[in-house]
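> Let's see this in three dimensions:
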Amino acid sequence: CDPARIAQVSRQLRARGVHLDVAPFDVQIGRARAGDFIYCDPPYAPLSPTASFAQYTAGGFGEADQQRLQRSLLAASDRGALVVLSNSSAPLILDLFGSREAADAGLILRRVPARRAINSRAAGRGPVDEVLVVSRALGVSHVLPPRPVFSHLSPGRRVLFSSATASSATMRTWPKAASI
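Presented below is the predicted three-dimensional model:
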């Protein structure tokens, strides 16, 4: 826990001009315009049939939702929004975001190692590949830019953090460039 960071985030969220809104993720992403920053951390696509937990909502978050998310992010990127998405390295995600359409929209897919300490099988714990999809406009060289992503925001730009459900996302409008 970093109390100073939590206090800083709290001040930013209480600042004049900050607006929190909840709506379906495709609606929120559809509101993004040039210069807005979108971060999505949806329920990860399952790597195998037995690793299929996606029941964050009654309807789950299945292949059709992942496809809808991809279409929404490609359209936002085409409008000039800055996108970062984290997900599993499941074939579905590699196909969706490693596609020519994603590249044409300015999105770069990178595999990154992540450590997992929770698994029903001890042998399944440890490093796994995950995926980061990042807008080329963020200046990605290897995985992420060396400076905070928020440094790319100018005053009045919006930041969208997608929630972990198929039905909602939260849009935060920052009154000035934030560096949290």
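> Tell me where the chain has helices.
According to DSSP state H, the chain carries its helices in the segments 3-14, 25-31, 63-78, 91-97, 100-104.
> got a list of contacts for the third one?
Judged by C-beta atoms under 8 Å, 6 or more residues apart in numbering, the contacts made with helix 63-78 from elsewhere in the structure are 25-26, 29-30, 32, 36, 38, 40, 42, 45, 83, 85, 87, 92-93, 96-97, 101-102, 105-107, 133, 135, 162, 166. Bear in mind the C-beta positions are built from the backbone N, C-alpha and C, glycine included.
> avg pLDDT for that helix?
Average pLDDT, helix 63-78: 95.
> Buried residues, it. List them.
65-66, 68-70, 72-74, 76-77 (16 or more other C-beta atoms under 10 Å).
> Would you check which pair of those residues lies furthest apart?
Asp65 and Ser77 (18.5 Å; C-beta to C-beta).
> coming back round to it: any of the contacts of helix 63-78 buried? List them.
By neighbour count, with 16+ other C-beta under 10 Å, the contacts of helix 63-78 hold 25-26, 29, 32, 36, 38, 40, 42, 45, 83, 85, 87, 92-93, 96-97, 102, 105-107, 133, 135, 162, 166 as buried.
> before we move on, the earlier item: just put the buried residues of helix 63-78 in a markdown table and tack on distance to Cys1.
A markdown table is the format used below for the buried residues of helix 63-78 (distance: C-beta to C-beta, whole Å):
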| residue | distance to Cys1 |
| --- | --- |
| Asp65 | 32 |
| Gln66 | 32 |
| Arg68 | 35 |
| Leu69 | 31 |
| Gln70 | 35 |
| Ser72 | 33 |
| Leu73 | 32 |
| Leu74 | 37 |
| Ala76 | 33 |
| Ser77 | 34 |
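> Just give me the closest of those to Gln12.
Ala76 (22.6 Å).
> For the closest residue in space to the closest one that isn't next to it in sequence, give me the pLDDT.
Closest residue to Ala76 apart from its sequence neighbours, by C-beta to C-beta, 6 or more residues apart in numbering: Ala32 at 4.5 Å. Ala32 is assigned a pLDDT of 91 by the prediction.
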